[in-house]
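Visitor: Below are the sequence and a predicted model; questions follow.
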Amino acid sequence: MTVKIQILGTGCAKCKKLAEEATKELGLEYSMEKVTDIADILEFGVTGTPGLVVNDKVVSVGKIPSLEATKNLISKAL
């Protein structure tokens with residue numbers, strides 16, 4: 001199964017790297033998309049960035065979670 005990861009925000013390189021590390025440590029195949037258009041971000045109902053979306057579920061908004069927290073968020077969204 002390929003996990004769909006979307007990073008919502010206009011410039012968070014740390015977020016992308018963190019999500020990549022988390023999915024790799026969990027041994028998951030993933031596709032990643034950076035969503036930077038404000039209108040697209042608002043479609044998720046997110047008003048603060050950064051945001052993390054896993055398989056179309058918003059799992060984090062407005063902060064950069066730790067690696068362990070990111071792994072936990074991804075696991076729970078599967």
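Guide: It's in. Numbers count the residues shown, from 1 in each chain.
Visitor: The biggest helix by length in the chain packs against which elements?
Guide: If each helix of the chain is counted by residues according to DSSP state H, the longest one is helix 13-25. Taking 3 or more CB pairs under 8 Å, 6 or more residues apart in numbering; DSSP states H and E as contact, the helices and strands that helix 13-25 lies on are strand 2-8, strand 29-35, helix 67-77. Placement of C-beta: from N, CA and C, glycine included.
Visitor: Of these, which stretch is the most buried?
Guide: Compared across the helices and strands packed on helix 13-25, strand 2-8 shows the largest average neighbour count, a mean of 20 (mean count of other CB atoms under 10 Å).
Visitor: hey, C-alpha coordinates of stretch 49-66 in PDB?
Guide: Coordinates of each C-alpha in stretch 49-66 appear next as PDB, following Å, rounded to 0.1, in the frame of the first residue of the first chain:
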ATOM      1  CA  THR A  49       0.300  26.000   8.400                       C
ATOM      2  CA  PRO A  50       2.200  23.800   8.300                       C
ATOM      3  CA  GLY A  51      -0.300  21.000   7.800                       C
ATOM      4  CA  LEU A  52       0.200  17.300   7.400                       C
ATOM      5  CA  VAL A  53      -2.300  15.200   5.500                       C
ATOM      6  CA  VAL A  54      -2.200  11.400   5.300                       C
ATOM      7  CA  ASN A  55      -4.400   9.600   2.900                       C
ATOM      8  CA  ASP A  56      -6.600  12.700   2.600                       C
ATOM      9  CA  LYS A  57      -7.000  13.100   6.400                       C
ATOM     10  CA  VAL A  58      -5.600  16.200   8.100                       C
ATOM     11  CA  VAL A  59      -3.500  14.900  11.000                       C
ATOM     12  CA  SER A  60      -1.600  17.900  12.100                       C
ATOM     13  CA  VAL A  61      -2.000  21.700  11.800                       C
ATOM     14  CA  GLY A  62       0.100  24.700  12.900                       C
ATOM     15  CA  LYS A  63       3.200  22.900  14.200                       C
ATOM     16  CA  ILE A  64       6.000  20.700  13.200                       C
ATOM     17  CA  PRO A  65       5.700  17.500  15.300                       C
ATOM     18  CA  SER A  66       8.700  15.500  16.400                       C
END
